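> sequence below, structure please.
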Amino acid sequence: MARVLVVADDLTGANACAAGFARAGMRAVTLGQTDPAGTIAEFHSCFDVIVVTTESRHAPAAEVRERVGDVVRAGWPVELLSTRIDTTLRGNVGVATEAMLTVAREVSDRRVVALCLPAHPSADRVTVEGHQLLRGMRLESTELAHDPRAPVDTSDVAEVLSRSTDLRVRHLPLRLVTGSQEELVAGLRELVTDEVDVVVADAMTVEHLDRVATAATASTDDILWVTVDPGPGAVAMASAMGLPEHSRSGPLLAVSGSATELTRTQLQRLITDRPCRVVRPRTLDDSVVPDVDATVPLLVEELEQAEPGAVVLLATVLDARELRPLSADEGEALPAALGRITRRALQETRVDGLYTTGGDITAAVLHEVDGQGLEIEDEVVPLAVAGEIVSGPWAGLPMVTKGGLVGDAETALLCLDRLAGMARDRLRSVRTATSHERARR
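Numbering: from 1, shown residues only. Purely as a prediction, here's the structure:
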C-alpha cells in the first residue's frame, strides 16, 4: 500500500515533488484530481508515493478545501501526508494546509501538527527568520511582486499561512536548527506543547531539512506530522521515518502455463542459474486447472519472502512426467485461472516486473490486470518482446513475454535479465496518470 500521499496545487509542482521521492528510491505516481476516490484506490497498491494535483492554486478557498478534503479521505490511510506548496508561496497555502489538517484529524483521530518547511535549497529558496528568500532576496523585493495574476506582497511564511485561516503558527529559528540535535528536539517539543497548528522551520541547506525532520520524529510520539513544503521537506520527513528503506525493490514474477519441451528446458535453466522460488499451482480433484483461491496465498507468501530482484516462478509444468492431455474446456480455463492468480497476487504484494511465457497466458494476464497491451521497448530475442503494460492499475509495469516455442535454452534467462534492468530503471522514474478511463483512451 502507498506510504505517502501528497496533495499539490498544480501538475508541474506535483511532478517535481514525485521526482524527489523517486530519487530517494520510492515508487511515485502523479494523478489528476478527477474522481480522486476511484483514481487513488486504483493506484494505492501499486506505488509508495501518490501525488495528486488539485489544480487549485488560484481557485476559491471553498473549492480548495473541498478538493483537498476529497483527496485526503480517498488516500487514507498512509504514513505521511503532505501538502505541496509553491516555493515562492503563491496560491492558497494557508487554506490548503488548514483543510489537510482538518481532514487528517478526522480520519486519524489523532493530534495533527503541520511542519512547514518551505525551503528548497537546491533551487536557491531558503527560509531565514520565518521569511522565504529567493536568491537571497525577500520575495516582495523580486519580480514576483509584479506577477500579473498572483503578485507576492510578503515573504513572511506565517502571514501567508494565516490568510483566510485560523491557523496558529509558531516559528522554529535557525539558531535551533543549526544547534545540537538535543537542543533542536527540545525546542520543537516546547513549540508544540500548546495548541499550535503549524511550525514554520528555518532552513538554508538540505541538511537543515533533514535535521528538522529527524527532530520532529523524535520530539513526541503522540503527534501525526503533516508536512507543508515544495517537496524536499516531505522527502526529508519520509527518510526520517524510514519509509524509503521499507519501500525496497520487489521480486520479479514469472508465470508459465506452457507445457512445451523448450519451455520446460528454459525454466529448468532459470531455476538452476538464478535466485528463483518455485510455486506449483494447487488444483481441484483430477483437473489440471489451478485452484485460484488455494494458489494465491502460496504465491503471495513466496513473493513476500523473496529477495529484491529474485524471481518467483508460477509454473504448471516443469517435468515431462507431469504432462497430460487437456480438454477444450481446460484449455480455456487454465490461462484464465493463471490470469486471476496473477492479478490477485499483484493486488496483495509488490512485484517489480512480470514475465509470461505462452500466448494464451499472456493474453489472460493482460486481460485480468486491465491492460490494453504492451508499449513495446524492443525484442529480447526474435518473438520475445519487452515493454510496459498499457492502461489499468499496473500501467507502466515492466513486462517481458514470449511464446512457448520461442528461443533456446538461454531465452528465459535473457528475458528475466532484461526485465530486471527495466525494473531498476523504473524505480528512478515517475509515472503520470489521471484516471482509469483516461488511461484507456
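
> and the gap between V71 and M241?
21 Å (Cβ to Cβ, to the nearest Å). Placement of C-beta: from N, CA and C, glycine included.

> how about low-confidence regions in the protein?
35, 37, 246-248, 428-429, 433-441 (pLDDT under 70).

> tell me, how many residues neighbour A119?
Neighbours of A119 under the rule other Cβ atoms under 10 Å: 29.

> what sits against it?
Contacts for A119 (Cβ atoms under 8 Å, 6 or more residues apart in numbering) come out as R125, V126, T127, Q132, D202, A203, M204, H208, L209, D229, P232, G233.

> quick one: which of the residues you listed sit in strands?
Using DSSP state E, the subset of the contacts of A119 located in strands is R125, V126, T127, Q132, D229.

> and which of those is nearest L284?
Using Cβ to Cβ, D229 is the member of those that sits closest to L284, with 53.9 Å.

> re earlier: TSV for the ones in strands among the contacts of A119, including neighbour count and distance to I223?
Output for the ones in strands among the contacts of A119, formatted as TSV (neighbours: other Cβ atoms under 10 Å; distance: Cβ to Cβ, whole Å):
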residue	neighbour count	distance to I223
R125	22	26
V126	21	26
T127	29	21
Q132	25	24
D229	29	17
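
> identify the farthest-apart pair in those residues.
V126 and D229 (12.7 Å).

> could you pull up phi and psi at the closest residue in space to L134 that isn't next to it in sequence?
Leaving aside its sequence neighbours, L134 sits nearest to T142 (Cβ to Cβ, 6 or more residues apart in numbering; 5.3 Å). Backbone torsions of T142, given as degrees, to the nearest 10, read phi -110, psi -180.

> more neighbours, V71 and M241?
Shown here are V71 and M241; by other Cβ under 10 Å, V71 has more neighbours (29 against 19).

> other residues contacting the strand or helix carrying the more buried one?
For V71, the element it lies in under DSSP states H and E is helix 61-75. Helix 61-75 has contacts (Cβ under 8 Å, 6+ apart) with 2, 5, 7, 9, 33, 36-37, 39-41, 44, 50, 52, 54, 56, 59, 81, 83, 92, 95-96, 98-100, 102-104, 107, 164.

> for ChimeraX, write the select line for the buried members of the residues you listed.
Only the buried entries of these go into this ChimeraX selection, using 16 or more other Cβ atoms under 10 Å:
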select :2,5,7,9,33,36,39,40,44,50,52,54,56,59,81,83,92,95,96,98,99,100,103,104
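
> please enumerate the strands of the stretch 1-150 of the chain.
4-8, 28-31, 49-53, 80-84, 111-116, 125-128, 131-134, 137-138 (DSSP state E, counting those that start in this stretch).

> who wins for proximity to R424 among those strands?
Ranking the strands of the stretch 1-150 of the chain by their distance to R424 (criterion: Cβ to Cβ) puts strand 28-31 first, at 15.4 Å.

> okay, now the sheet partners of the closest one, with direction.
Sheet pairing of strand 28-31 (DSSP bridges) gives strand 49-53 (parallel), strand 430-433 (parallel).

> point out the most buried one among those strands.
The highest mean neighbour count among the strands paired with strand 28-31, using mean count of other Cβ atoms under 10 Å, belongs to strand 49-53: a mean of 28.

> may I have that one as CSV, with CA atoms only?
Once non-C-alpha atoms are left out, strand 49-53 reads as follows in CSV (Å, rounded to 0.1, in the frame of the first residue of the first chain):
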residue,chain,number,x,y,z
VAL,A,49,4.0,7.7,-3.1
ILE,A,50,0.9,9.1,-4.6
VAL,A,51,1.0,12.8,-5.6
VAL,A,52,-2.4,14.2,-6.6
THR,A,53,-2.7,17.6,-8.3
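
> what sits against the closest residue to R149 other than its chain neighbours?
Ranked by Cβ to Cβ, 6+ apart and with sequence neighbours excluded, the top spatial neighbour of R149 is H58, at 6.7 Å. Contacts for H58 (Cβ under 8 Å, 6+ apart) come out as G91, R149, A150.

> which of these has the most neighbours?
Among these, the one with the most neighbours (other Cβ under 10 Å) is G91, at 20 neighbours.

> list the residues that contact that one.
Each residue near G91 by Cβ under 8 Å, 6+ apart is listed here: D9, D10, S56, R57, H58, I85, A150.

> for P398, what are phi and psi?
According to degrees, to the nearest 10, P398 has phi -60, psi 140.

> after the longest strand seen in the chain, which helix or strand is next?
Identified as the longest strand of the chain according to DSSP E is strand 373-381. Next helix or strand after strand 373-381 toward the C-terminus (DSSP H and E): strand 384-390.

> parallel or antiparallel, list what pairs with the next helix or strand after that next one.
For strand 384-390, the following helix or strand on the C-terminal side (DSSP H and E) is strand 398-402. Sheet pairing here is set by DSSP bridges, and for strand 398-402 it gives strand 353-357 (parallel), strand 384-390 (antiparallel).

> okay, the ones you listed, which one's buried deepest?
Highest mean neighbour count among those (mean count of other Cβ under 10 Å): strand 353-357, a mean of 27.

> quick one: contacts of stretch 18-30?
Taking Cβ under 8 Å, 6+ apart as the rule, stretch 18-30 contacts 3-4, 6, 8, 11, 14-15, 43, 46-53, 231-232, 234-235, 238-239, 243-244, 247, 426-433.

> for ChimeraX, what selects the buried ones among these?
Written as a ChimeraX command, the selection of buried residues from the contacts of stretch 18-30, which uses 16+ other Cβ under 10 Å, is:
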select :3,4,6,8,11,14,15,43,46,47,48,49,50,51,52,53,231,232,234,235,238,239,243,244,247,426,427,430,431,432,433
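
> of all the contacts of G91, which two lie farthest apart?
Largest separation among the contacts of G91 by Cβ to Cβ: H58 and I85, giving 13.8 Å.

> picking up where we left off before, from Q33, how far out is the residue nearest to R149?
Applying Cβ to Cβ, the value for H58 to Q33 is 14 Å.

> secondary structure class for L326?
coil (DSSP: H, G, I helix; E, B strand; the rest coil).

> might one say that G250 is in contact with R350?
Yes. Under the criterion of Cβ atoms under 8 Å, G250 makes contact with R350 at 3.7 Å.
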